[in-house]
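> sequence plus the predicted model coming up.
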Amino acid sequence: MADEKTEKAKNHVQKQFSSVIITLENCTIPTERFYPTPSGQDGLDLETETDLRILGCEFIQTAGILLKLPQVAMATGQVLFQRFYYSKSFVKHNMEVSVVAMACINLASKIEEAPRRIRDVINVFHHIRQKRNGRSVYMIFLCVSLVVLSTVSQS
């Protein structure tokens, strides 16, 4: 009797959505995708890759605090960051880690329904970079002509 209830509960947890099976067992990245990572395949040593991953997550956490985001939004941004670099290489996509972190925190804030203006996200990341480099902090003012051009192109 208990086995029958367990089986019903297990079948109840497993739902099928458009031929994608969602269970608690397959909600994470498959272990075969962990190693070797795309960056490792491109020749980046594991220590450097780990440092870059930590740096990106630190950027997201600091920005989230400054943007007064809920912790769940910061965690979502860090998961997006990690998942991006489990499918793409730090070597081939050698853009600044903070740019990817900025995109992840912006997307995460929208996913977790705590949206922030892109201007605020850009200013916070600029502030973090200035502080890390020991420079004086100043605000970035977005170009008015850029705003006008984007408004015209949308019409």
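Great, that's in hand.

> which parts of this protein are strands?
15-17, 20-22 (DSSP state E).

> any idea which of those has the lowest pLDDT on average?
Sorting the strands of the chain by mean pLDDT places strand 15-17 lowest, at a mean of 50.

> mind listing residues that contact stretch 32-51?
For stretch 32-51, contacts defined as CB atoms under 8 Å, 6 or more residues apart in numbering pick out Tyr85, Tyr86, Ser87, Lys88, Ser89, Phe90, Val91, Lys92. No exception for glycine: its C-beta is placed from N, CA and C like everyone else's.

> contacting residues around the fifth one?
Read that as Ser89. By CB under 8 Å, 6+ apart, the contact list for Ser89 reads Thr37, Pro38, Ser39, Gln41, Asp42, Leu44.

> as a markdown table, the residues you listed with neighbour count, pLDDT and distance to Val99 would be great.
A markdown table is the format used below for these (neighbours: other CB atoms under 10 Å; pLDDT from 0 to 100; distance: CB to CB, whole Å):
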| residue | neighbour count | pLDDT | distance to Val99 |
| --- | --- | --- | --- |
| Thr37 | 19 | 84 | 20 |
| Pro38 | 18 | 86 | 18 |
| Ser39 | 22 | 88 | 16 |
| Gln41 | 12 | 87 | 22 |
| Asp42 | 13 | 89 | 19 |
| Leu44 | 16 | 89 | 18 |
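
> quick one: mean pLDDT over the lengthiest helix in the chain.
In the chain, taking DSSP state H as the definition, the longest helix is helix 46-66. Averaged across helix 46-66, pLDDT comes to 94.

> quick one: buried residues of that helix?
Neighbour-count burial for helix 46-66, with 16 or more other CB atoms under 10 Å as criterion, is recorded at Glu49, Leu52, Arg53, Gly56, Cys57, Phe59, Ile60, Gln61, Thr62, Ala63, Gly64.
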